[in-house]
Structures are given as structure tokens and as C-alpha cells.
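Student: Next comes the sequence, and after it the predicted model I'd like to discuss.
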Amino acid sequence: MATAQSPLATPPARTAESWKGLFDTVYECDKVVSDIEGQLPKGLVGTLYRNGPGTHDWTESFFDGDGMIRAIRIGEDGSVRYQAKYVETEKYRKERAANKQLYRLAGTNRPGGMLANMFRPPAHEANTSVIHMADRIWALEEGGHPYEMDPETMTTGEMTDFGGKLHARTAFSAHPHFDPDTGDCFGFGMHFGAKQALKLFRVDPSARLHHIGEIPISGAGFVHDYALSKQWMAFFIPPMIPSMSKILFGTGTFFNSLNWEPERGLKIVLMRRSGGEPIYLEDEACLAGHVIGAHDVGGELIVDLCRQPEWKCMGEPAANFRTSDWAGYGLGGVCRYRIDPAAGTVKKEELCELPAEFPRIDSRREGVGARYGYFAANTRAGEGGWFRGVLKLDMETGATDLFDHGETKAAHESVFVPRPASAGGTGEEDDGWLIGFVHDGLKSETDVAIIDARRVADGPVCTLRLRENAGITFHGTWVPAA
């Protein structure tokens, strides 16, 4: 069980100390949560799963670390249980047994210099996202195949290749998207080999994988997310060009080998969900971050996403996470792209200038257009530092509704949970709750904040105080009770 860090004597400035413990190695746990402030909403019954790196013993990037699934289980009787369990990848099992670093990671080389790292790909840590599909949860990271886990015990099963359908050198992205009408999961993965490509596929509700097509992307280094509409899959490929000699010969990590080359611009590649030939377009360089949503209007594809100015605003603080004050790394806001595939044109407009990332929508609006986006955000344009607030953005009007957790708090992604009809739910897009982790830098503990999505600025209607440090989490999913 995790032990809380000693509280800081006085509230510090918003520097790395504000998130003290956020990047600590944390521990497996299974406990009843009895410290509940406020009232649990009627109808909020199910499990929130979160994934993120739980170990930072020898990592040099906060993106590295063994995947840990955290579960918040809320019962019909109002009981709350917190579980945290590591994804027992091959890397995790062997390193825990040896009690030392054995593998090269995306942002951390093995001890031993060039000879210890050359021609070694980064290990798969399953530390980025978690989805629920075919009565299982799946721990994801774009460096390898999914690990299946039991949703109740969170026991790790096998790393799956979908019955041989997923090539050994083809990864499974951390950001698949689901069609809410069919239950199909549309995903992609980087294919590593002599000819680098994105492989596109569909996984049906029974977890059978079907190939859609591929997009050659010679020279590109990193594609994290994509956009899904009813017609299209759209990829925004930034000008992050890897130095292959550094990677292959072990003189650098994958992340610090990425060179930002803005003269190359942003590559936008479209492929129909039914397959066919890709369509290539270009726009000015940026780091297109997480995608909020996409939909088709007439002949246009509308994509809303988080747009960052360049790689270093994410890469540099990630590589200096123990000492960085983050203040110089101002993040971008929310942008809308209007793409006309027939005309080959791209237009864009800024929807919100507040620094915002880790977007979520009502998943029932996936592919058909969401009016509201929910984000981890900061309170002033250009503000650096880990996100301190929760933002609701009306993407039709530009109106914002923001709650600030405070200078010494770090807000994770908030997942939208629709209010069920049995609890008076209307079915309207923002009739529900936002549930997200919040790290308290003074106590080095994690709270779970539950906010009414219609009144975000009012703050939490209920806070679950874990009295544990859950560490950093990236992405998660809500699974309602059966």
C-alpha cells in the first residue's frame, strides 16, 4: 500500500513542487474508500478504469514506466472501492524479479551505453490507455499489442495478436475509437519494418480484427491519435522526424531523437472507413495532439483537436519531469479543421485559446459531432505547468465553463458519464457527470472529483479521497454496471 509523502511546510509557487509525488512509483492496492465528501450522485454506478505509468524508479521520461490499471468501483449501495494493479507484461515480470532495469524504453536507454542499446526496440509497457471490449479490459500502448485483463480481478492475461491477424511488427494504438451504433472499434498501429506504414483495422464487438488498409508514412516518427467520422479515418502527422542512427545505434532514445522540422508542414491523411486509396493534404506545422471528435457535413470532414505549437512543449518537460518548473512550456488550445477531400483544401479556426488537453466527449456522439468537449486545462492562455482545472467547451458558441482545482493540484483527464434514464437522465449531451483523478501536491495523495457536467464551474458535487497516491494516469474509460 502506498505511503503518503510528508506534507510541504507552506504552499509553494506553481513549480514542480506543486505536483510532488505525481511521478513517484506507486503501489498495488485494494481498499474500501470511506472518506467521501458530498453526496454520490444517484445513478452513478459502475467502474472507472485509468491507466498510466506506475513506476518511475529508473525512467528519464514521465511517458515511461510500467502500466498500472486503477479502478474506482461504485456500487448501487453507495459503496466505493479502489483497486490498483500492474499490467504484468513480460518486461514488468522480469524487471521485478531482477529488481533492476533490463529493457530499453522510449525515453530511457538501458545502462551500459551504446552497446547495451543498439538495435534494441523500446519495450512494451502497456501504460497509456485502457478500453473495455468483449467483456474484457485491454491495456494499450502504441509500442505493441494489447494486454487482456480480467475486469473484476484485473489479473493480466495474454498479449493478443487477435488470432494471428495483427502482425508481430504492427502495434495497436493507444487511441482506437468506437462507433456507438455498431460497437465496432476502429484503430490503427504503426508497422515497423523496411517500409514504415500505418495499418488501419476494425475490431468487431466479438474482438475479431478486420484489416481496412494502410498508409505509407516514410520519415514520420510519431502518430498518437486520429479522427473517426462515419465516413473517414483522418491522421494528422506532425513534422517530428526521427534520427534513425541515434535510435538504431543506441546513442539516443526514441523521444530525444525526434527532430522538429517545421518546414515540412503538417501532413493530413484521410482514408475511408471502407478502405481504398489514401488522400494526402498539407497545412502549416503544428503538433496535433489528442483528437476531440469528428463528423461529416456535406462534403466536408470537420475535426476538432488539441493543437500544440511544437514538440518541445511536451517533449522537454517530459524528459525533465523531476526538475522542470514547466513554466516556460506554454501549451496551445483547441482548433477546428474543415477539410474538403474533393477540393483538397484545409481551413482551420481557433475554438479556445486556453491550454487544454486530454479531451473527452459524450461517447454516444463519437463520429457524428459533439457540441461539448471536456478537458484538463489551465486558466490562462499560454500558461505552462501540469493542468490544474477542468474545462467544458461549447464548440458551437465558444462558451467556456471552468473549474480551477488550485495552484497545487494536478487534474487528470475527466471521463464523461451520461446520467441514466433510471436516475432521471434526459439523454441530452451534457446531462451527466465528469469523473476524474486530481493529485494533491501538498499531501501527495489522489482524490476523485465528480462534477455535474452541466455546471462545471460549481466544482465537485462529490469527492472521493483515496488517501493513496495513485500517481500519474493518462487515459481511462467508464464501464456502467450490468
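Tutor: Happy to help now that I have it.

Student: rest of the way, CA atoms for contacts and neighbours
Tutor: OK.

Student: List the buried residues of the helix or strand hosting Pro317.
Tutor: Here Pro317, judged by DSSP states H and E, is contained in helix 312-319. By 16 or more other C-alpha atoms under 10 Å, the buried positions in helix 312-319 come out as 312-319.

Student: what about Glu284, distance to Pro262?
Tutor: 8 Å (C-alpha to C-alpha, to the nearest Å).

Student: neighbour-wise, which of these two wins?
Tutor: More neighbours surround Pro262 than the other of Glu284 and Pro262, with 15 against 12 (other C-alpha atoms under 10 Å).

Student: what's the distance between that one and Ala318?
Tutor: 21 Å.

Student: about what we covered before: partners of the helix or strand that comes right after the helix holding Pro317 in the sheet?
Tutor: Later in the chain than helix 312-319, the nearest helix or strand by DSSP H and E is strand 334-340. Its sheet considered, strand 334-340 pairs with strand 300-308 (antiparallel), strand 345-352 (antiparallel) by DSSP bridges.

Student: mind giving me TSV with those and columns for mean neighbour count, mean pLDDT and distance to Asp150?
Tutor: Putting the strands paired with strand 334-340 into TSV (neighbours: other C-alpha atoms under 10 Å; pLDDT from 0 to 100; distance: least, C-alpha to C-alpha, whole Å) gives the following:
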stretch	mean neighbour count	mean pLDDT	distance to Asp150
strand 300-308	24	95	32
strand 345-352	15	96	39
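
Student: what about Met233, which SS state?
Tutor: Following DSSP: H, G, I helix; E, B strand; the rest coil, Met233 is assigned to strand.

Student: again with Ser218
Tutor: coil.

Student: For it, grab the count of nearby residues.
Tutor: Counted with other C-alpha under 10 Å, Ser218 comes out at 12.

Student: can you check Asp150 too?
Tutor: 13.

Student: again with Gly476
Tutor: Number of residues near Gly476 (other C-alpha under 10 Å) recorded here: 24.

Student: Use 15 as the first number for this chain going forward.
Tutor: New numbering, starting at 15: the last item is Gly490.

Student: Tell me how far it lies from Lys362.
Tutor: 29 Å.

Student: cool, and Asp466?
Tutor: Asp466 is 31 Å from Lys362, by C-alpha to C-alpha.

Student: try Pro276
Tutor: For Pro276, the distance to Lys362 - C-alpha to C-alpha - is 18 Å.

Student: just Val317 next, same as before
Tutor: The value you get for Val317 to Lys362, if C-alpha to C-alpha is used, is 9 Å.

Student: who touches both of those two?
Tutor: 350-352 (C-alpha atoms under 8 Å, 6 or more residues apart in numbering).

Student: looking at the residues you listed, which has the most residues close by?
Tutor: Arg350 (21 neighbours).

Student: Quick check: chain neighbours aside, which residue is closest to that residue?
Tutor: Asp318 (4.4 Å; C-alpha to C-alpha, 6 or more residues apart in numbering).

Student: Surely His238 is in a strand?
Tutor: No - counting by three-state DSSP, His238 falls outside a strand, being coil.

Student: burial measure for Gln53, as a count.
Tutor: Quick note: Gln53 (other C-alpha under 10 Å) scores 13 neighbours.

Student: How about the one 4 residues further on?
Tutor: For Gly57, the count of nearby residues is 21 (other C-alpha under 10 Å).

Student: so where does it fall, helix or strand?
Tutor: Take DSSP H and E as the rule and Gly57 turns out to sit in neither a helix nor a strand.

Student: Is it in contact with Gly446, as I believe?
Tutor: No - using C-alpha atoms under 8 Å, Gly57 is not in contact with Gly446; the gap is 9.7 Å.

Student: Overlap in contacts, those two.
Tutor: Common neighbours of Gly57 and Gly446, counting by C-alpha under 8 Å, 6+ apart, are Arg433.

Student: mind listing what His138 touches?
Tutor: Per C-alpha under 8 Å, 6+ apart, neighbours of His138: 103, 105, 119, 155, 157-158.

Student: Let's see that with 10 Å instead.
Tutor: By C-alpha atoms under 10 Å, 6 or more residues apart in numbering, the residues touching His138 are 78-81, 103-106, 117-120, 154-160, 185.

Student: what's the burial count for the residue nearest to Asp218 when sequence neighbours are not counted?
Tutor: Nearest non-adjacent residue to Asp218, counting by C-alpha to C-alpha, 6+ apart: Asp198, 4.6 Å away. Neighbourhood size, Asp198 [other C-alpha under 10 Å]: 19.

Student: All the strands of the stretch 65-214 of the chain, residue numbers only.
Tutor: For the stretch 65-214 of the chain, applying DSSP state E, counting those that start in this stretch gives strands covering 81-88, 94-100, 143-147, 150-154, 161-163, 170-173, 191-192, 199-205, 211-217.

Student: Hey, what's the angle from the first one to strand 143-147? Just curious.
Tutor: Right, strand 81-88. 60 degrees (axes from the mean of the first three to the mean of the last three C-alpha atoms, to 10 degrees).

Student: do the same with the last one
Tutor: When the same axes, to 10 degrees is applied, the directions of strand 211-217 and strand 143-147 differ by 30 degrees.

Student: Can I get strand 211-217 in PDB? Just the C-alpha atoms.
Tutor: The C-alpha coordinates for strand 211-217 follow below in PDB (Å, rounded to 0.1, in the frame of the first residue of the first chain):
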ATOM      1  CA  ALA A 211       3.300   2.400 -42.500                       C
ATOM      2  CA  LEU A 212       0.100   2.900 -40.600                       C
ATOM      3  CA  LYS A 213      -2.000  -0.200 -40.600                       C
ATOM      4  CA  LEU A 214      -5.800   0.500 -40.200                       C
ATOM      5  CA  PHE A 215      -8.200  -2.000 -38.900                       C
ATOM      6  CA  ARG A 216     -11.600  -2.600 -37.400                       C
ATOM      7  CA  VAL A 217     -12.300  -4.800 -34.400                       C
END
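
Student: Show me how far it is from its chain's centre.
Tutor: Strand 211-217 sits 19 Å away from the centroid of its parent chain (C-alpha atoms, centre = their mean, to the nearest Å).

Student: May I see the buried residues of stretch 285-301?
Tutor: Buried, per 16+ other C-alpha under 10 Å, within stretch 285-301: 285-287, 292, 295-297, 299-301.

Student: right, and out of the residues you listed, which lies closest to Ile226?
Tutor: Of all those, Ile226 sits closest to Arg287, with 7.1 Å by C-alpha to C-alpha.

Student: list the contacts for the closest one?
Tutor: Contacts of Arg287 by C-alpha under 10 Å, 6+ apart are 200, 214-216, 226-227, 242-248.

Student: Neighbour count and pLDDT for those - can I get that in a markdown table?
Tutor: Putting the contacts of Arg287 into a markdown table (neighbours: other C-alpha atoms under 10 Å; pLDDT from 0 to 100) gives the following:
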| residue | neighbour count | pLDDT |
| --- | --- | --- |
| Phe200 | 22 | 98 |
| Leu214 | 22 | 97 |
| Phe215 | 24 | 97 |
| Arg216 | 21 | 98 |
| Ile226 | 18 | 97 |
| Gly227 | 18 | 96 |
| Leu242 | 29 | 98 |
| Ser243 | 22 | 98 |
| Lys244 | 16 | 98 |
| Gln245 | 16 | 97 |
| Trp246 | 19 | 98 |
| Met247 | 25 | 98 |
| Ala248 | 24 | 98 |
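
Student: Specify which member of those residues is nearest to Thr61.
Tutor: Using C-alpha to C-alpha, Phe200 comes nearest to Thr61 of the contacts of Arg287, at 23.1 Å.
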